[in-house]
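Q: Requesting a structural model of the entry that follows:
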Amino acid sequence: MPTGYTCDIEKDISFEKFVMGCARAHGACVDMRDDSQDVPIPEEFKPSTYHAVELENSKEELEDMEKISISEASKKAIAEHDDGIKRVKTSIAYYSTLKQKYLDMRKKVERWIPPTDGHRGLRNFMFEQLDQSLRYDCDDEYLTKKLRLVQSKVPVLGEVWKKNRLDDIKDEIKRHRKEYALEVERVATNNKWVQDLRDSLKKEKV
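A: Coordinates of the predicted model:
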C-alpha cells in the first residue's frame, strides 16, 4: 500500500522529487511533514519575526516604564492589587455556579434508573466523572484561602512596583534577544541542510 511519500512513484516521478518529498519528514523540513506534497520546499527558510517584534515592543515598554513617576507607579500598584482580588472573586463566583451545575447533574444521574444491568457501568462512570470534576474543579477551600491571602497583602510601594516591572521587562528583553538569535541560527542551519541536500542531488546521477 503506497504511503504519502510513495504514492506518486507510479506517476514516474524523478528521484530528486522523491527525495525532496521524503525530506519533509526529516531535518530542516520536518515542520512541512503535514503539508501537501504540492507545497514546494522553499529555496530559503525565513526566521520567525515573533521574538524580533516582541523585543522591540519590550524596548518601547521599558522606555515608557522608565518615564513613569513614583506617584503613578503607586496608583498602578494599588490597581494591580485590586485587580488581583477581583480576579479571585470572579473565579469563586464562576466555580460556585459550575459546582451547582455539577450537583444538579449528579441528582439527575441519581434519579436515572438504568434500563438494564448492562447500563449500570455507564451510570457509575457518570458518577465518577462528576465526582472527579467536583473534587478538582470546585475546591472551595483553596479559593477561599487564596482570597484571604490576596486580601491580606497590601499594595507594594510605588518605587518597589516600578523596580519590579523594570526588572521584568529587562528580563523579557534578554529572553527575546536570545530566542531571536537562536531562531536565526536554527534557520541558517536548516537552510544549509536543504542546500547540502540539493547540491548532493546535482552531483549524483541516480
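Q: Break the protein into its domains for me.
A: Structural domains assigned to the chain are 9-46+187-203, 50-182, following automatic domain parsing.
Q: the bottom helix or strand of the chain by mean pLDDT?
A: helix 15-22 (a mean of 62; mean pLDDT, DSSP states H and E).
Q: for this structure, what spans make up the helices?
A: Ranges of helices in the chain, per DSSP state H, are 15-22, 50-67, 70-111, 120-137, 140-152, 158-203.
Q: Distance check, Lys146 against Val156.
A: Lys146 sits 18 Å away from Val156, going by C-beta to C-beta, to the nearest Å. Heads up, the C-betas are built off the backbone N, CA and C, glycines and all.
Q: thinking again about what came up before, in CSV: the helices of the chain, plus distance to Glu43 and mean neighbour count.
A: Formatted as CSV, the helices of the chain follow (distance: least, C-beta to C-beta, whole Å; neighbours: other C-beta atoms under 10 Å):
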stretch, distance to Glu43, mean neighbour count
helix 15-22, 12, 15
helix 50-67, 22, 14
helix 70-111, 49, 13
helix 120-137, 51, 12
helix 140-152, 54, 12
helix 158-203, 8, 15
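Q: In a markdown table: those, plus distance to Glu44.
A: Below are the helices of the chain laid out as a markdown table (distance: least, C-beta to C-beta, whole Å):
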| stretch | distance to Glu44 |
| --- | --- |
| helix 15-22 | 15 |
| helix 50-67 | 17 |
| helix 70-111 | 45 |
| helix 120-137 | 48 |
| helix 140-152 | 51 |
| helix 158-203 | 5 |
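Q: so where's the protein shaky on pLDDT?
A: 1-42, 203-206 (pLDDT under 70).
Q: State the distance from the residue most central in space within it to Thr97.
A: The chain has Tyr50 as the residue nearest its centroid, 13.9 Å off, counting by C-alpha atoms, centre = their mean. With distances taken as C-beta to C-beta, Tyr50 is found 37 Å from Thr97.
Q: Repeat that for Ala77.
A: For Ala77, the distance to Thr97 equals 31 Å [C-beta to C-beta].
Q: for Lys174, same thing?
A: 42 Å.
Q: same check, this time on Glu72
A: Distance of Glu72 to Thr97, given as C-beta to C-beta: 37 Å.
Q: Could you do Gly118 as well?
A: 35 Å.
Q: cool, and Trp112?
A: According to C-beta to C-beta, Trp112 stands 23 Å off from Thr97.
Q: same deal with Ile78?
A: Taking C-beta to C-beta, one finds Ile78 at 29 Å from Thr97.
Q: What of Arg135?
A: Counting by C-beta to C-beta, the gap from Arg135 to Thr97 is 17 Å.
Q: cool, and Val156?
A: Remark: distance between Val156 and Thr97 (C-beta to C-beta) = 33 Å.
Q: which ones are touching Leu98?
A: By C-beta atoms under 8 Å, 6 or more residues apart in numbering, the residues touching Leu98 are 137-138.
Q: ok, now how distant is it from Lys153?
A: 27 Å.
Q: now swap in Ser133 and tell me
A: On the measure of C-beta to C-beta, Ser133 and Lys153 end up 31 Å apart.
Q: Same check on Lys178?
A: Lys178 sits 33 Å away from Lys153, going by C-beta to C-beta.
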